[in-house]
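Novice: From the sequence below, what's the structure:
(one chain, ligands or ions: 1)
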Amino acid sequence: MRMIRTIKQLRRALATSRSKGKKIGFVPTMGYFHAGHISLMKASIKDNDVTVVSLFVNPIQFGPDEDLAKYPRDLKRDSRAAQAAGVDILFVPSVDQMYPQPLLTYVDAGRMGDLLCGATRPGHFRGVVTIVSKLLNIVHPNALYLGQKDAQQVEVIKKMVRDLNFPVCVKVCPTTRERDGLAMSSRNSYLSPTERAQAPAIYKALCHARKMIADGERDAAKINSQIKKLISDGTNASIVYISCVGLDDFCITRRIKGDALIAVAARIGSTRLIDNIVVKVK
Ligand code: AMP
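Specialist: Take a look at the predicted model:
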């Protein structure tokens with residue numbers, strides 16, 4: 001595996017691969033790798049000749065009161081994990097490399113970036129789609145690998161790729177979970193043992209919602225209130241939102257139909273966790 005720190009070197013390395021007709025897969029990350037990240041890398045390695053993973057904690061997607069400074073970082077460990085997974089290139093640019101001057105031009109994530117997580121994290125999805133479009137312009141991959149864990153990120157990036165004609169195929173990998181169901185996340189490392197013991201309540205509540213829907217429940221308000229009750233009963237979590245929305249447009253659904261996303265964000269202690277399920281109703 002090569003670790004590359006500059007855009008120029010990365011472009012040079014990839015031009016050689018491209019000229020040989022190699023297929024390039026790309027996995028953008030903020031590092032502190034866990035099995036969820038590794039599953040994306042493995043999916044790309046399986047489908048492509050060259051896999052590029054970027055590791056960049058992107059300052060413009062963090063709000064002023066968010067965890068940019070304390071976001072977990074461990075480059076040595078990450079580099080070993082990426083190499084063991086079979087990654088070809090780990091791209092680790094500095095902030096100066098990605099933002100040599102203050103940005104004047106951003107990509108707007110539109111209405112879908114203002115809903116769900118966007119409602120309490122203003123500017124977050126603008127930061128996400130801006131960095132992903134910069135990285136796509138640098139890497140020019142054939143395929144882009146994203147995790148379903150960040151369902152809103154997936155949909156917002158899919159719309160960006162469609163609207164701005166990026167010639168890339170978006171592949172979505174399922175959420176990797178701990179044994180007790182907690183969705184893996186770099187931010188789980190913030191949880192104290194007591195908080196960690198409470199955190200699986202979020203996915204348990206989502207599984208219960210899935211069962212309610214399988215049993216015929218279609219009323220989104222009833223499903224939301226049951227999720228709320230199950231999370232609140234077992235934890236001191238503060239719920240940021242619970243939403244049943246259409247998967248394609250994030251419009252709030254009163255009655256579950258078609259492809260619906262049920263998404264939750266909750267704070268356990270000071271850690272903000274998100275999780276979601278997708279249900280398909282005929
Ligand atoms: P991050 O480093 O948290 O920005 O995540 C980088 C990529 O890994 C994103 O596409 C995430 O959706 C994906 N990812 C993070 N956690 C998981 C998980 N538990 N399962 C699958 N993909 C994940």
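Novice: Please identify which helix or strand holds residue 96.
Specialist: Assigned by DSSP states H and E, residue 96 falls within helix 95-98.
Novice: Buried residues, that helix. List them.
Specialist: For helix 95-98, a neighbour-count test (16 or more other C-beta atoms under 10 Å) marks residue 98 as buried. Yep, even glycine has a C-beta here, placed from its N, CA and C like the rest.
Novice: who in the chain is up against the ligand?
Specialist: 29-30, 36-37, 39-40, 146-147, 149-150, 173, 175-176, 183-186 (C-beta under 6 Å from any ligand atom).
Novice: thinking again about what came up before, could I get the average pLDDT for the helix holding residue 96?
Specialist: Taken as a whole, helix 95-98 has a mean pLDDT of 98.
Novice: I'd like the next helix or strand past that helix.
Specialist: Reading on from helix 95-98 to the C-terminus, the next helix or strand found by DSSP H and E is helix 117-120.
Novice: And for that next one, what's in contact with it?
Specialist: Contacts with helix 117-120, where a contact means C-beta atoms under 8 Å, 6 or more residues apart in numbering, come from 109, 112, 124-125, 152, 240-241, 265, 274.
Novice: same thing but 10 Å
Specialist: Defining contact as C-beta atoms under 10 Å, 6 or more residues apart in numbering, one finds that helix 117-120 is touched by 63, 109-113, 124-126, 128, 150-153, 156, 240-241, 243, 250, 263, 265, 272, 274.
Novice: What's the ChimeraX line that selects buried ones from the residues you listed?
Specialist: Those of the contacts of helix 117-120 that count as buried under 16+ other C-beta under 10 Å are selected in ChimeraX with:
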select :109,112,113,124,125,126,128,150,151,152,153,156,240,243,250,263,265,272,274
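Novice: for the protein, what spans make up the strands?
Specialist: Shown for the chain, the strands assigned by DSSP state E span residues 2-4, 24-29, 50-55, 89-91, 143-147, 169-173, 238-246, 258-268, 271-281.
Novice: Export these as TSV, with columns for mean pLDDT.
Specialist: Output for the strands of the chain, formatted as TSV (pLDDT from 0 to 100):
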stretch	mean pLDDT
strand 2-4	98
strand 24-29	99
strand 50-55	99
strand 89-91	99
strand 143-147	99
strand 169-173	98
strand 238-246	97
strand 258-268	97
strand 271-281	97
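Novice: Can you add distance to residue 200 and give the ones you listed back as a markdown table?
Specialist: Converted to a markdown table, the strands of the chain look like this (distance: least, C-beta to C-beta, whole Å):
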| stretch | distance to residue 200 |
| --- | --- |
| strand 2-4 | 35 |
| strand 24-29 | 24 |
| strand 50-55 | 28 |
| strand 89-91 | 31 |
| strand 143-147 | 18 |
| strand 169-173 | 21 |
| strand 238-246 | 15 |
| strand 258-268 | 10 |
| strand 271-281 | 10 |
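Novice: Can you check which of those gets nearest to residue 204?
Specialist: When the strands of the chain are compared by C-beta to C-beta, strand 271-281 sits nearest residue 204, at 10.2 Å.
Novice: Within the sheet, what are the partner strands of that closest one, with directions?
Specialist: Under the criterion DSSP bridges, strand 271-281 sits next to strand 258-268 (antiparallel) in its sheet.
Novice: Next, the angle strand 238-246 makes with the partner strand.
Specialist: Strand 258-268 runs at 170 degrees relative to strand 238-246, counting by axes from the mean of the first three to the mean of the last three C-alpha atoms, to 10 degrees.
Novice: how much distance is there from strand 258-268 to the middle of the chain?
Specialist: Relative to the centre of its chain, strand 258-268 is centred 14 Å away, using C-alpha atoms, centre = their mean, to the nearest Å.
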